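Novice: have a look at this prediction, sequence included:
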Amino acid sequence: MRLTDRGIYWVLATVLAAAGLIPEFRSLGNLANVATQSAALAVLALGQTFVILCGLIDLSVGQLTGLIVVLVCDVAAGRDAMTAPVLLLALGLGAGSGAITGLLNNRLRIHPLILTFGTMSVLQGIVFTYTDRSVGRAPAAIAWLADGRLLGLPVAPLLVLLLAAGAHVTLTRTRFGMHVHAVGGGRDNARRAGIDTDRVAATVFVISGVSASIGGLLVAGRLGVGYPHAGAGFELDAIVAVVLGGTSLTGGRGSVAGTVAAVLLLGLTNNVLNLLQISSFIQMLVKGLIVIGAILVNQPGGRRAFA
């Protein structure tokens, strides 16, 4: 394995070593908090990993997350009896939105960047037509899922580990996973090999939509109310995490482990800069440099340089 194949892990290890010099950072409570706060982004990034590996992109997940936050809190209105119905509502809405995006992608044959920018705008319009202020309240069970403990361990990071393990097995040990890589590596070649490329593309959008649903539930649980701006920026953060983790934007190459490592890197960077009380403008600069540096070592030119 060459250096660039594991560049994100070297960067993560370096940041961890440097952060360990800060006493406040080393506390178990702080580390658990970083993992919990990063959980929603991690879930969205896992879904985005499938999409980008397939050579596609999905900009709609942020506003889909925001819509789910609003609907879950408003419909539940804090009632525990509504937990199961709002869970089904969230998952059904995510899967349905993903299925529609996948269908449009296959029928219209326009670039997914343009298509999902359009669906993002539609979803944003739906959110703010529904409400322009915080509504409802998340039921206790969803709040526990987002910020609770199980046997002393934070629940949200445990959920991320479970989903990441499932995603890893799916992409590396199943026929569908091989087809995702093949389509991302070259759609025409995959079609000639007998792969139903349209079905694969539609399925990864459904996976992305369901990931946004789960991410929305976690955000709703952490916020406690249906905040209409809750999903803003998640789509770009998820894409950054996936590319930062080594997945090629052209598709065909990448890993779930790299995506999870990148989410942790972004979360740790935010945490360390906040502990040091660094100006928000300097934080943007530092995080941008880390992202650029980590992405560069995963590019073809970087590979030759570090091989």
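Specialist: That came through fine.

Novice: helices along the stretch 51-200 of the chain, start to end?
Specialist: With helices called from DSSP state H, counting those that start in this stretch, the stretch 51-200 of the chain shows them at 61-76, 83-108, 112-130, 140-147, 155-173, 175-185, 187-192, 197-223.

Novice: those: which one's closest to Leu236?
Specialist: helix 61-76 (7.5 Å; CB to CB). Bear in mind the C-beta positions are built from the backbone N, C-alpha and C, glycine included.

Novice: mean confidence score for that closest one?
Specialist: What helix 61-76 shows for mean pLDDT is 96.

Novice: buried residues in it?
Specialist: 61-76 (16 or more other CB atoms under 10 Å).

Novice: sorry, back to before: make a markdown table out of the helices of the stretch 51-200 of the chain and add distance to Ile52.
Specialist: As requested, the helices of the stretch 51-200 of the chain are exported to a markdown table (distance: least, CB to CB, whole Å):
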| stretch | distance to Ile52 |
| --- | --- |
| helix 61-76 | 12 |
| helix 83-108 | 14 |
| helix 112-130 | 10 |
| helix 140-147 | 26 |
| helix 155-173 | 12 |
| helix 175-185 | 8 |
| helix 187-192 | 14 |
| helix 197-223 | 9 |
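
Novice: among those, which is the most enclosed?
Specialist: helix 61-76 (a mean of 27; mean count of other CB atoms under 10 Å).

Novice: show me where pLDDT drops low in the stretch 151-300 of the chain?
Specialist: Where the stretch 151-300 of the chain drops to pLDDT under 70, the residues are 290-291, 293-300.

Novice: run the last query once more with 90
Specialist: Scanning the stretch 151-300 of the chain for pLDDT under 90 picks out 151-153, 187, 232-233, 236-237, 240, 243-254, 266, 268-300.

Novice: neighbours around Ala39, how many?
Specialist: 30 (other CB atoms under 10 Å).

Novice: right, I mislabeled it, should have said Gly251
Specialist: For Gly251, using other CB under 10 Å, the count is 22.

Novice: check the gap between Gly96 and Ser213 for me.
Specialist: Per CB to CB, to the nearest Å, Gly96 is found 10 Å from Ser213.

Novice: repeat for Gly98
Specialist: Gly98 is 9 Å from Ser213, by CB to CB.
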